[in-house]
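**Student:** No sequence on hand, only this structure:
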């Protein structure tokens, strides 16, 4: 059984998949930083110094000066600003993957027509 597992784990496709997952996670962190630290601050500045990550709807009925204060108090909140950041993250990752797959498909088509 150990030999079978070793053969399974060391198969080329399995290693490629593991590397892809690790690289994808690292890419995801880079995109999150890009969105939170580079893209949304200028947009927030254009919209009147708005910080998307602090946008929320307070469901508790008690007023809080910030999202952090509401979270510390354990108030129920809908954190739509954080959701907007996650949507922008997703769109950037999806666009990058689309461009990558598009380029790979283009290279495959060229390869099949030339040889």
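**Tutor:** Right, received. Where do you want to start? Keep in mind that this is a model prediction, so the values were computed, not measured.

**Student:** got the buried residues for the helix or strand hosting residue 99?
**Tutor:** Using DSSP states H and E, residue 99 sits in helix 80-114. Within helix 80-114, the residues scored as buried using 16 or more other C-beta atoms under 10 Å are 81-82, 84-85, 88-89, 92-93. All C-beta atoms are positioned from the backbone trio N, CA, C, and that covers glycine.

**Student:** which residues are in contact with the lowest-mean-pLDDT helix or strand in the chain?
**Tutor:** Counting by mean pLDDT, DSSP states H and E, the chain has its least confident helix or strand at helix 2-9, which shows a mean of 79. Outside helix 2-9, the residues that touch it by C-beta atoms under 8 Å, 6 or more residues apart in numbering are residue 14.

**Student:** What residues sit buried inside it?
**Tutor:** Going by 16+ other C-beta under 10 Å, helix 2-9 has no buried residues at all.

**Student:** distance between that helix and the chain's centre?
**Tutor:** The chain centroid and the centroid of helix 2-9 are separated by 33 Å under C-alpha atoms, centre = their mean, to the nearest Å.

**Student:** do the same with stretch 63-79
**Tutor:** 24 Å.

**Student:** start to end distance for it?
**Tutor:** Start-to-end span of stretch 63-79 (C-alpha to C-alpha, to the nearest Å) is 15 Å.

**Student:** so for it, what's the average pLDDT?
**Tutor:** Stretch 63-79 shows a mean pLDDT of 93.

**Student:** ok, residue 67 - how many residues close by?
**Tutor:** 19 (other C-beta atoms under 10 Å).

**Student:** Settle this for me: it is touching residue 51, isn't it.
**Tutor:** No. The criterion here is C-beta atoms under 8 Å, and residue 67 misses it with residue 51 at 9.3 Å.

**Student:** Now the common contact residues for those two.
**Tutor:** Contacts common to residue 67 and residue 51, judged by C-beta under 8 Å, 6+ apart, are residue 81.

**Student:** Alright, I will stop here.
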